[in-house]
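**Student:** whatever this is, show me its structure:
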Amino acid sequence: MQNELIIVSEYCRKCHIEPSFIDLLQEGGLIEVMTEGGERYLTFTQLPDVERYSRMYYDLSINIEGIDAIHHLLQRMEEMQNELHTLRSQLRLFR
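**Tutor:** Numbering: from 1, shown residues only. Modelled structure (predicted):
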């Protein structure tokens, strides 16, 4: 199911978002849109990110640059959590 593709135009219609928003996300490097046979597709695994970004954009009025900054901060936070987990595991070995 993770490799399933969703047609961008149908997704936008069902979720009440503009296809140009998907273009902005793609241009910003936040998602990848695939094109095949003249149709544009998103992978199923990208949908949670697209939904999160659309809430930021439409509900909170955060522009694409702000969404990109938040995206990078969340990535860094996840990296730091992983580093902390690794350090805790290493400390347990010395007890």
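**Student:** in terms of helices and strands, where is the closest residue to residue 29 other than its chain neighbours?
**Tutor:** Leaving aside its chain neighbours, residue 29 sits nearest to residue 68 (7.7 Å; criterion: C-beta to C-beta, 6 or more residues apart in numbering). (Each C-beta comes from the backbone N, C-alpha and C, glycine too.) Element membership for residue 68 (DSSP states H and E) is helix 64-93.
**Student:** for that helix, the distance to its chain's centre please.
**Tutor:** On the basis of C-alpha atoms, centre = their mean, to the nearest Å, helix 64-93 sits 16 Å off its chain's mean C-alpha point.
**Student:** report the buried residues of it.
**Tutor:** 64, 67-68, 71 (16 or more other C-beta atoms under 10 Å).
**Student:** which pLDDT value goes with residue 60?
**Tutor:** Looking at residue 60, its pLDDT reads 96.
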